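Asks: following is a predicted model, sequence given first.
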Amino acid sequence: MSNSLRRIFAPSPEERAEDWAKYKALHDEIAKEKGCSTCKYCVKVRSYPNFVTAEECECKMGLECDTVLFSVKNCAKWEDKLE
């Protein structure tokens, strides 16, 4: 248990690189659908406290934005958040 806590709060440079590679691969897989959660125009406008993970977002371009149900796909204005 203490080893996993150390990894969470004080990862080594190798562990950070490993985690980044995993997160990048996940991001790239989700970005194939060109949805809001990976778009640079999607801006979180409200965070909920404690255990609630849903978030409300708005599109800077004035388009529909959905990061909860992932209903928006292949948006014409989509640009990668990581670029």
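Replies: Arrived safely, thanks for sending. Numbering: from 1, shown residues only.

Asks: quick check: residue 75 touching residue 63?
Replies: Yes. At 6.5 Å, residue 75 and residue 63 qualify as touching, with contact defined as C-beta atoms under 8 Å. Where you see a C-beta, it was placed from the backbone N, CA and C, and this is true even at glycine.

Asks: who has more neighbours, these two?
Replies: The neighbour count for residue 75 versus residue 63, taken as other C-beta atoms under 10 Å, is higher for residue 75 (19 against 16).

Asks: which residues touch that one?
Replies: Counting by C-beta atoms under 8 Å, 6 or more residues apart in numbering, residue 75 makes contact with 34-36, 39, 63.

Asks: quick one: the strands in the chain?
Replies: Using DSSP state E, the strands of the chain run over 42-47, 55-59.

Asks: what's the most buried one of those?
Replies: Of those, the one with the most neighbours on average (mean count of other C-beta atoms under 10 Å) is strand 55-59, at a mean of 15.

Asks: so in this structure, which helix runs the longest?
Replies: helix 13-31 (DSSP state H).

Asks: which residues touch that one?
Replies: For helix 13-31, contacts defined as C-beta under 8 Å, 6+ apart pick out 7, 11, 37-38, 80-82.

Asks: so what's the residue count around the nearest residue to residue 37 once chain neighbours are set aside?
Replies: Excluding its sequence neighbours, the residue lying closest to residue 37 (C-beta to C-beta, 6 or more residues apart in numbering) is residue 67, at 4.6 Å. Counted with other C-beta under 10 Å, residues neighbouring residue 67 total 18.

Asks: check contacts around residue 67.
Replies: Contacts for residue 67 (C-beta under 8 Å, 6+ apart) come out as 35-37, 42, 44, 55, 57.
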